[in-house]
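In: Sequence plus the predicted model coming up.
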Amino acid sequence: MFLVALAIVLFVSVVPVMIGARIVGARRNGFWISFGALLLASVMYWFAVRTFHGLGLLAIFASALGYMLVLDTSYLRGLAIAVIQAVLSVVLVVVIAMTALGGAIHGMKDLMRHIPYSSEQTQSV
């Protein structure tokens, strides 16, 4: 089960970087190169957030530098990869969350259907 969860996390994390690298025409866009770029960009993002004290929006400019260095592209293309990766990651996480939440809501509806209740009002004395 752990390996399945690890594979899903890698898919949700690395595939948006690969897609972004292919969209902008980066010279290197394989899975392991994209994984390395994601690791470096994440470390640079974390360092920038710690340096700028919570201004995460500014840290995306630092992560673009990581994408630029590893994927062998320009800074503007690295910035585009960072934006594409952020948007696609949010979309994938929302889809996965809605899939899990949808199953939970469906299960709650099924559970509520089996709970006996009376629609008659009871009188209190």
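Out: Arrived safely. Since we're looking at a predicted model, the values are computed, not measured.
In: Next up, phi/psi of the spatially closest residue to residue 13 that is not a sequence neighbour, please.
Out: Residue nearest to residue 13 in three dimensions, not counting chain neighbours: residue 38, with 5.9 Å by Cβ to Cβ, 6 or more residues apart in numbering. The way it works is simple: take the backbone N, C-alpha and C, and place the C-beta from them, glycine included. Torsion angles at residue 38 (phi, psi; degrees, to the nearest 10) stand at phi -70, psi -40.
In: which helices and strands sit right next to the strand or helix carrying residue 64?
Out: Assessed by DSSP states H and E, residue 64 sits inside helix 56-71. In terms of contacts (3 or more Cβ pairs under 8 Å, 6 or more residues apart in numbering; DSSP states H and E), helix 56-71 is packed against helix 2-24, helix 31-52, helix 75-114.
In: And for it, what's in contact with it?
Out: Contacts to helix 56-71, defined as Cβ atoms under 8 Å, 6 or more residues apart in numbering, come from residues 17, 20-21, 26-29, 33-34, 36-37, 40-49, 52, 73-75, 77-79, 81-83, 85-86.
In: Can you go through the residues you listed and name the buried ones?
Out: 17, 20-21, 26, 29, 33-34, 36-37, 40-41, 44-45, 48-49, 73, 77-79, 81-82, 85 (16 or more other Cβ atoms under 10 Å).
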